[in-house]
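In: This is a predicted model, with the sequence first.
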Amino acid sequence: MSENLRKDHGALMDQIYQHTRHIYDLSRKFFLFGRDRLLRELALKPGERVCEVGCGTARNLIVLARRYPEAKVCGFDASSAMLETAAANLARAKMTGIPLVQAYAEDFDPERMLPADYAPLDRFVFSYCLTMIPDWRAALDRAWAMLPNGGGLSVVDFGDLAAWPAPLRRAFFAFLAAFHVRPDPGIHAWALELADAEVEQTCIFGGYAILTLAKKKPL
């Protein structure tokens, strides 16, 4: 992504979330299904380092830090407005030691952007963010390339709603488009094309969402 496109995307995310970030967690719990299952199934080991891409309000980071207190948790987001809310939420939760970074998934550099003891990262989490990232493939490729052997990448995001009646499917996609969310079947096919991965996928609510767990095969 060019520098101008990055700036445009960051500005768009700030515009979208400038006001809605204050009610984001309250409203999203009714339709961002599968997030908590993803967090449970991470099963982090003590000392493992996990980064959430598009961490938003830090809701997931707080859940992870409480569930896996001996893991190292961090996150980044393109939206400076969202990061303000994330920092406030972490402060209220007394978790100010969790690093937050403003960055873009396509060129995120943990060695340069995070404290030294957070690199290399062992896990990446993508929770309902890839359908808002213009070059989602570059974001996934970047994360996968940084993972060590045995590292993992977890994704939950909107699917194709294949089992839904066509009128409901069209209406829901129109609703998502109003928030610049663009479901793409390729997001969920990406992991299945990896030659060096063990992949598990779960379909949620008739294709409403897909949960993907991809683990890099050890040498």
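Out: Noted; the coordinates are in hand.
In: Tell me who's in contact with the residue most central in space within the chain.
Out: Nearest to the mean C-alpha position of the chain, by CA atoms, centre = their mean, lies Phe126 at 2.2 Å. Taking CB atoms under 8 Å, 6 or more residues apart in numbering as the contact definition, Phe126 lies against Glu52, Val53, Gly54, Ala139, Leu140, Ala143, Leu153, Ser154, Val155, Val156, Asp157. The way it works is simple: take the backbone N, C-alpha and C, and place the C-beta from them, glycine included.
In: Which helix or which strand is home to it?
Out: strand 123-127 (DSSP states H and E).
In: partners of that strand in the sheet?
Out: Sheet partners assigned to strand 123-127 using DSSP bridges are listed as strand 49-53 (parallel), strand 152-158 (parallel).
In: can you tell which of those is closest to Ala116?
Out: Ala116 sits nearest to strand 49-53 of all these, at 11.3 Å, using CB to CB.
In: Quick one: name whatever helix or strand follows the closest one.
Out: Counting by DSSP H and E, what follows strand 49-53 is helix 59-67.
In: From the rest of the structure, what touches that following helix?
Out: Identification of contacts with helix 59-67 by CB under 8 Å, 6+ apart yields 25, 35-36, 39-40, 42, 44, 50, 52, 55, 71, 73-75, 86, 89-90, 93, 95, 98, 125, 127.
In: The same query, at a cut-off of 10 Å, please.
Out: 24-25, 28-29, 32, 35-36, 38-40, 42-44, 50-52, 54-55, 58, 71-75, 85-86, 89-90, 92-93, 95, 97-100, 123, 125, 127-128 (CB atoms under 10 Å, 6 or more residues apart in numbering).
In: The helix or strand just after that helix - which strands sit beside it in the sheet, and in what orientation?
Out: Using DSSP H and E, the helix or strand that follows helix 59-67 towards the C-terminus is strand 72-77. Strand pairing for strand 72-77, determined by DSSP bridges: strand 49-53 (parallel), strand 100-102 (parallel).
In: Dump the ones you listed to CSV, plus mean neighbour count.
Out: Converted to CSV, the strands paired with strand 72-77 look like this (neighbours: other CB atoms under 10 Å):
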stretch, mean neighbour count
strand 49-53, 24
strand 100-102, 17
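In: So for stretch 183-192, what gets flagged as buried?
Out: Residues of stretch 183-192 classed as buried by neighbour count (16 or more other CB atoms under 10 Å): Pro183, Asp184, Ile187, His188, Trp190, Ala191.
In: Distance check, the residue nearest to Asn149 when sequence neighbours are not counted against Arg59.
Out: Using CB to CB, 6 or more residues apart in numbering and skipping the chain neighbours, the partner closest in space to Asn149 is Pro218 (4.7 Å). From Pro218 across to Arg59, the span is 32 Å (CB to CB, to the nearest Å).
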